[in-house]
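1. Pasting the sequence and the predicted model now:
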Amino acid sequence: MDIPEEEVSGAMSVPPLTKSELADLLGPDFTVESLKSERLTQAGDNYFSNMQAVEVKLLPHRRKLHLVAKLPPVSSFVIGISHFGDTLRKEKIMYLEVAKVFQDIQIESNVPVRELVDLFPKCYGAHVSYVDNMPVAEKSALILEDLRPLGYRCADRIKGLDLAHTYLVVSRLARLHATAIAVKIKKPLVFKNVILHACENFMTEGPPHDEKKKDKMEDKLFEQLASIEEIKPYLDCLKKSNALKPYFFPLPIEPFASIKHSDFCTNNILFKYTTDSYESLPTDVKFIDFQMTQYDSPVRDLIFLLYSSTDNGLVPDNYDHFIQLYHEHFIDALMKLGCDIKPFSYDVL
């Protein structure tokens, strides 16, 4: 999709988060004395939202709080194509509800404290505005903990993930997917009301797997593909084959169907380091930007990660091992959460 240059160049002014807006988002447990904010991302990055780093001083002891504010895009053009209100609704559910459900089921399953997995940054507040029962961008906002002071940052996305980074993120991704499945097995009502709620589709009107919806999205995609000269000779064959249709809101295949991030790449993974060097080994990881969550095959996240975000040559040499690693941690997580693992064999995966 072509986005006007001025919309992503950074030339437009970015309105800062106000003290009263932040106070409303944080709620009565926090009293804001002052705040200082700055643009968090470079021009051209994250143009579907307005990301701000916010340093807050709280009363009564002037304690500092480092936050990240996710606000609507500045551009009306981007607001029109980003579905910001709806994507923020999904993230609000993930950070405030799904994260709690994941912690609760681990604690209830007597997972040792040292083995508890927390894959989400802390959310301090979120608000989604509605007009005629539909989420809208205006006045919608999300406030997360800024993890940078704790040593978290994105890996080198130009170089890609090395073996140590890939091992860590694959093992934690498996636990994300397995925990959602454990909720499905042990708490079906919670799964329906929380996990599936976070996975609701928003791109067009209609039931989640409506054929008309798929056709509409497929038409939009082919409009874009038609503008690429190298692809034009293959368009007719691609249309006749219906090869792309399963990728639009695919029907989940049980028993492995789980919550899927749908944009699981280096940009949306934060690694914790003990030094400032990219060469140091990561000690922890957090996942962010749950704007496109779906209920689908979790392996799609794994494959997308491996082929979009790893160092050249890493996947061909280690592909089978990464799949086995994922499955081992997936099964280990299910066992820790007290689930029957027989339906989840490696062959079925």
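-> Nice, thanks for sending it over. Residues are numbered from 1 along each chain as shown.

2. Now do the contacts for the most centrally placed residue in the chain.
-> Note on the chain: the residue nearest the mean C-alpha position is residue 290, at 2.6 Å, using CA atoms, centre = their mean. Taking CB atoms under 8 Å, 6 or more residues apart in numbering, we find residue 290 in contact with 90-91, 94-95, 198, 261. C-beta coordinates here come from the backbone N, C-alpha and C atoms, glycine included.

3. element containing residue 317, please.
-> Using DSSP states H and E, residue 317 sits in helix 314-336.

4. what's in contact with that helix?
-> With contacts defined as CB under 8 Å, 6+ apart, helix 314-336 is touched by 106, 109, 111, 115, 117, 160-163, 166-167, 170-175, 177-179, 181-182, 302, 306-307, 341, 344, 346, 349.

5. And the residues you listed, which of them are buried?
-> 106, 111, 117, 160-162, 166-167, 170-175, 177-179, 181-182, 302, 306, 344, 349 (16 or more other CB atoms under 10 Å).

6. Quick check on the nearest residue to residue 338 once chain neighbours are set aside: phi, psi?
-> Nearest non-adjacent residue to residue 338, counting by CB to CB, 6 or more residues apart in numbering: residue 109, 5.1 Å away. When read as degrees, to the nearest 10, the backbone of residue 109 gives phi -90, psi 10.

7. Can you pick out the ones from the contacts of helix 314-336 that are in helices?
-> Taking DSSP state H as the definition of helices, the contacts of helix 314-336 contribute 106, 163, 166-167, 170-175, 177-179, 181-182, 302, 306-307.

8. Using neighbour counts, pick out the buried residues of the longest strand along the chain.
-> The longest strand of the chain (DSSP state E) is strand 134-145. By 16+ other CB under 10 Å, the buried positions in strand 134-145 come out as 135-137, 140-145.

9. can you map out the helices along the stretch 201-349 of the chain?
-> 211-225, 235-241, 299-309, 314-336 (DSSP state H, counting those that start in this stretch).

10. Relative to residue 68, which of those helices is closest?
-> helix 299-309 (21.4 Å; CB to CB).

11. For stretch 263-273, what is the distance to the chain centroid?
-> Chain-centre distance of stretch 263-273: 10 Å, with CA atoms, centre = their mean, to the nearest Å.
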